[in-house]
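>>> Here's a sequence, model it:
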Amino acid sequence: MGPVARHARHARPRPAARVALALALAIATATSLSVPAGTLAADRPGPTTAAAAAAALASAPAATYPSRCRFTSQPLARATELMANRYLLSPHPIVTLPADPTWRENPLHDANWLFQYHAMRYVLDLFTAWHDTGTAAYRDRGLFLLRDWAASNPRSNPPSAYSWNDHSTAYRAVVLACAADLTGMPTWLHDALVVHGQTLASPSFYVGVGNHALNQSIGLLEVGRVLHRDDWMRLARDRMNRLVLASVDEQGVSNEQAAFYQAYNYNRYKLARSRLIAVGLTPGAGFARVDLMPRFLAHASVPNGEYEMIGDTEAVALPSYDGTWTQFIATAGAAGPTPPLVAAYADGYQFARTGWGTNRAFADETAIAIRWGPPPRTVHGHPDGTSFTLYGWGSRLLVAPGKYTFNTGAWRSYFTSRRANNVVTVDGLSWNRGAATTRISRAVTSTLVDVRLRTFGFAGVTQDRRITWSRRLGYAIVEDRATAATSHTYRQLWHLVHDARPTVGVRTVTTQRPRGNLLIRQLLGTPSLRVVTGATDPIQGWICYRYGTRVAAPVVQAIKSGTSVRFLTLVAPTELAPDVQVTNLRVTSGGYAVTITVGGRSERVIASGSGVSITPLS
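Next up is the predicted model:
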């Protein structure tokens, strides 16, 4: 049993004594504030006098405050709430907890809240408020919470599954290191840092993939720094150098397959690089890939400046990084370098938009995103190969599901399912979450973007999808083919925005929004058309714009059955009521030809197995 565990064995008094302990701990922590960070147990002085303790309590914080030890943008407001035992762990609602926590608290029954609670980054707001105001009570409360956590959460048999969660431990290690930097290192803090360092250094604890592994290495680096453990710092560096090569490809694309986590990983890798340099260690050559990450991030956005909801991503504003393409997106073209209108990434992404606000408002341009590539490789990717999303005239029109919850259960299963995306599903068959989607071909001309995809995710079924998008008029023609040895029922799914108000005809579905509408027209045969909204058995017809909030939204289902089925579908965005005509349609076994007119402007589309063309007519 380690030193923290031994202390914990005697540290949890009966409830009647808990408030007294809180006051005693606040006084006790003040006796060690002058101990330099990094002082080892053998070098620490003995108990200080009462006069020295009083002097320590009255001492002002350091003139400079390290940016790595900041948490929220409103530390004083958050710290004031914490002094009243009110915890606001965004995006969750504020909750009131006991003044002396048991660390078993879970008022919202939410895994993400528990992770944040035990990560203890909120303590940094208390330290920042102490620095900004000189009020020692903020510091003392922060130290009390850290010491109480250390006493109450032994490495073995802790009160919560998140006490020593792989990710909460990583973040908490940084908080403890900041406490040592800012306030000194009493015995309890030294011992807690040792246990965290030993835990993070353990090969069996290191997860080795994704942002959790990165944050574990950052935490180990900071613990090694304050404890002067060069071996831990070198181990953290080596893990980071290997991880960046495995996690970020040569185009700067994160393997987490979620637009939000592209930005998150960019920020964390930048921090990791700066901290390595700060302690005198050299980041590996793979860190050069990090500088490319904002390029992908800019393309993984929609024209109103929000994220494209790929993977675990919410409909929130894209961050702006000065001098990168993200700045151009965030400022609607007012600042920053201009990205190309069309971009493909080898890890499975096609992005395109009609313009940068030259002929219409920046936010009114039409944009598409197409997915293929490997199956989800971390917790944040969704099984969205072949999915297609569409934005136009100021609104999302065809949407991905978003990030609703990290709690295991039916809702998490739905929001990370195949049927939550704009794909073709097969009744009675389960999607193989290890299945990849292959890009067969890709063509880009002045008038079109054409992508052909294939997947075998449903056992015994071959699925092909071809998406041909008009760069001038913004419509897409989507051709789906599915073949199998036995007959199946196939559902082509189109997830609409929540206020779409669709009307269903024999072959056509149109939305009825005041502005920003969509026409979906079946060009081949008459599949059965239906709309599902907010169903719960089975779950279907929901999207999430903000974590923890689900919204009922219509899903158009086009249904066909057979051993071989084919859908040919026109998807056309319009500003007002759909004004779209389809003429001169000819369908062959290998392709099709059709004239599409949108708002009085016409184009001829000819597609075959060897290629595709779009020719403007008017």
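>>> quick one, strands of the stretch 301-450 of the chain?
For the stretch 301-450 of the chain, strands defined by DSSP state E, counting those that start in this stretch occupy the ranges 342-345, 349-353, 367-371, 388-392, 395-398, 424-426, 437-444, 448-455.
>>> TSV for those, including mean pLDDT?
What follows is the strands of the stretch 301-450 of the chain, written out as TSV (pLDDT from 0 to 100):
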stretch	mean pLDDT
strand 342-345	98
strand 349-353	98
strand 367-371	98
strand 388-392	98
strand 395-398	98
strand 424-426	98
strand 437-444	98
strand 448-455	98
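>>> nearest to residue 515, of those strands?
Taking CB to CB as the criterion, strand 395-398 is the member of the strands of the stretch 301-450 of the chain that comes nearest to residue 515, at 7.3 Å. (Glycine included, C-beta is placed from N, CA and C.)
>>> Summarise which helices and strands the closest one is packed against.
With contacts taken as 3 or more CB pairs under 8 Å, 6 or more residues apart in numbering; DSSP states H and E, strand 395-398 sits against strand 388-392, strand 517-522.
>>> Indicate which one of the strands of the stretch 301-450 of the chain is closest to residue 86.
Judged by CB to CB, the one of those that comes nearest to residue 86 is strand 395-398, at 34.9 Å.
>>> Would you reformat the strands of the stretch 301-450 of the chain as JSON lines and include distance to residue 382 and mean neighbour count?
Written out in JSON lines, the entries for the strands of the stretch 301-450 of the chain read as follows (distance: least, CB to CB, whole Å; neighbours: other CB atoms under 10 Å):
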{"stretch": "strand 342-345", "distance to residue 382": "16", "mean neighbour count": "18"}
{"stretch": "strand 349-353", "distance to residue 382": "13", "mean neighbour count": "23"}
{"stretch": "strand 367-371", "distance to residue 382": "9", "mean neighbour count": "26"}
{"stretch": "strand 388-392", "distance to residue 382": "12", "mean neighbour count": "25"}
{"stretch": "strand 395-398", "distance to residue 382": "15", "mean neighbour count": "26"}
{"stretch": "strand 424-426", "distance to residue 382": "14", "mean neighbour count": "22"}
{"stretch": "strand 437-444", "distance to residue 382": "12", "mean neighbour count": "16"}
{"stretch": "strand 448-455", "distance to residue 382": "14", "mean neighbour count": "22"}
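>>> Turn those strands into TSV, including distance to residue 189.
As requested, the strands of the stretch 301-450 of the chain are exported to TSV (distance: least, CB to CB, whole Å):
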stretch	distance to residue 189
strand 342-345	45
strand 349-353	45
strand 367-371	47
strand 388-392	49
strand 395-398	48
strand 424-426	54
strand 437-444	50
strand 448-455	53
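>>> out of the ones you listed, which comes closest to residue 272?
When the strands of the stretch 301-450 of the chain are ranked by proximity to residue 272, the top entry is strand 342-345, at 22.8 Å, counting by CB to CB.
>>> What pairs with the closest one, parallel or antiparallel?
Here strand 342-345 has these sheet partners by DSSP bridges: strand 349-353 (antiparallel).
>>> Quick one: distance of the partner strand to the chain centre.
Here strand 349-353 is found 19 Å from its chain centre; the criterion is CA atoms, centre = their mean, to the nearest Å.
>>> now it against strand 388-392, angle please.
Calculated by axes from the mean of the first three to the mean of the last three CA atoms, to 10 degrees, strand 349-353 forms an angle of 20 degrees with strand 388-392.
>>> any chance of the helices and strands packed on strand 395-398 in JSON lines, plus distance to residue 374?
Output for those, formatted as JSON lines (distance: least, CB to CB, whole Å):
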{"stretch": "strand 388-392", "distance to residue 374": "18"}
{"stretch": "strand 517-522", "distance to residue 374": "29"}
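>>> closest to residue 174 out of these?
Residue 174 sits nearest to strand 388-392 of all those, at 35.9 Å, using CB to CB.
>>> That closest one packs against which elements?
Using 3+ CB pairs under 8 Å, 6+ apart as the contact criterion, the secondary-structure elements in contact with strand 388-392 are strand 367-371, strand 395-398, strand 476-495, strand 554-574.
>>> List the buried residues in the last one.
Pointing back at strand 554-574 there. Of the residues in strand 554-574, 554-558, 560, 565-574 count as buried by neighbour count, 16 or more other CB atoms under 10 Å.
>>> The third one now?
Within strand 476-495, the residues that qualify as buried are 476-482, 484, 488, 490-495, counting by 16+ other CB under 10 Å.
>>> nearest residue to residue 478 other than its sequence neighbours?
Here the nearest residue to residue 478 in space, its sequence neighbours aside, is residue 569; by CB to CB, 6 or more residues apart in numbering that works out to 4.7 Å.
>>> That neighbour and residue 519 touch, don't they?
No: at 10.4 Å, residue 569 and residue 519 do not qualify as touching, with contact defined as CB atoms under 8 Å.
>>> in stretch 84-91, what counts as buried?
The neighbour-count criterion (16+ other CB under 10 Å) identifies 87-89 as the buried residues of stretch 84-91.
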